[in-house]
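[1] The amino acid sequence is not available; the structure is as follows:
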């Protein structure tokens, strides 16, 4: 999918100037955030209220996903703006886990990666399918949380991407992790 490039550029211009934090992952069992050993990426945690124009674009794209059920599945009200510097890559992994969305324990259903820049290298790869997606401003890739993926080494410049998640509520579970 793709979004309006002007919307993407305005978002990038606004948030690239903010302070960056070390990239962290969420420990499913406790809801704690932790730094991935040996990974030096950076992030900004943002809410939809901070970037309503971008949120509108992403929500429209998410509602078109085949496996997403509006009225049943939930969209995180926050997203993560990430920056990988030259030399960084991310090993193969999946995004299976749980989130608390609207006070409900949810299994992660989709991950959405929206490229916010072009870069040499930094492709989003799905080795089990032989697919690679080159970073390009305003181009997005949505996939189910169980898809194994990685990020190739960034060869020059920075790779910027926006990460968004959707979740499917579990029936009868109580909240156990951090609200996202």
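    Here it is on my side, so go on. Quick caveat: nothing in here was measured; it's all calculated off a predicted structure.

[2] ok, now how distant is the spatially most central residue of the chain from residue 80?
    Centroid-nearest residue in the chain: residue 163, 1.6 Å away (criterion: Cα atoms, centre = their mean). Distance check for residue 163 against residue 80: by Cβ to Cβ, to the nearest Å, it reads 4 Å. From N, CA and C alone the C-beta is placed, and that goes for glycine too.

[3] do residue 27 as well
    Using Cβ to Cβ, we find residue 27 at a distance of 15 Å from residue 80.

[4] Look at these two and report which has more neighbours.
    Relative neighbour count places residue 80 above the other of residue 27 and residue 80, with 17 against 13, counting by other Cβ atoms under 10 Å.

[5] Across the sheet, point out what pairs with the more buried one.
    Going by DSSP bridges, residue 80 is paired in beta bridges with residue 45, residue 163.

[6] quick one: it and residue 47 touch, right?
    No. Residue 80 sits out of contact with residue 47 when judged by Cβ atoms under 8 Å, with a separation of 10.9 Å.

[7] Please pull up the helix or strand immediately following the least confident helix or strand in the chain by mean pLDDT.
    Least confident element among the helices and strands of the chain, by mean pLDDT, DSSP states H and E: strand 24-26 (a mean of 77). For strand 24-26, the following helix or strand on the C-terminal side (DSSP states H and E) is strand 33-35.

[8] Quick check: mean pLDDT of that next one?
    For strand 33-35, the mean pLDDT works out to 82.

[9] and what of stretch 105-124?
    94.

[10] Buried residues, it. List them.
    Buried residues in stretch 105-124, defined by neighbour count with 16 or more other Cβ atoms under 10 Å: 105-106, 108-117, 119, 121-124.

[11] Out of those, which sit inside strands?
    Per DSSP state E, strands hold the following members of the buried residues of stretch 105-124: 105, 106, 108, 109, 110, 111, 112, 113, 114, 115, 121, 124.

[12] who's in contact with the second one?
    The contact partners of residue 106, by Cβ atoms under 8 Å, 6 or more residues apart in numbering, come to 74, 98, 99, 100, 167, 168, 169, 170.

[13] returning to what we had before: name every strand pairing with the least confident helix or strand of the chain and say which way it goes.
    Using DSSP bridges, strand 24-26 pairs in its sheet with strand 33-35 (antiparallel).

[14] Could you verify my assumption that residue 99 touches residue 166?
    No. Because the distance of 9.1 Å does not satisfy Cβ under 8 Å, residue 99 is recorded as not touching residue 166.
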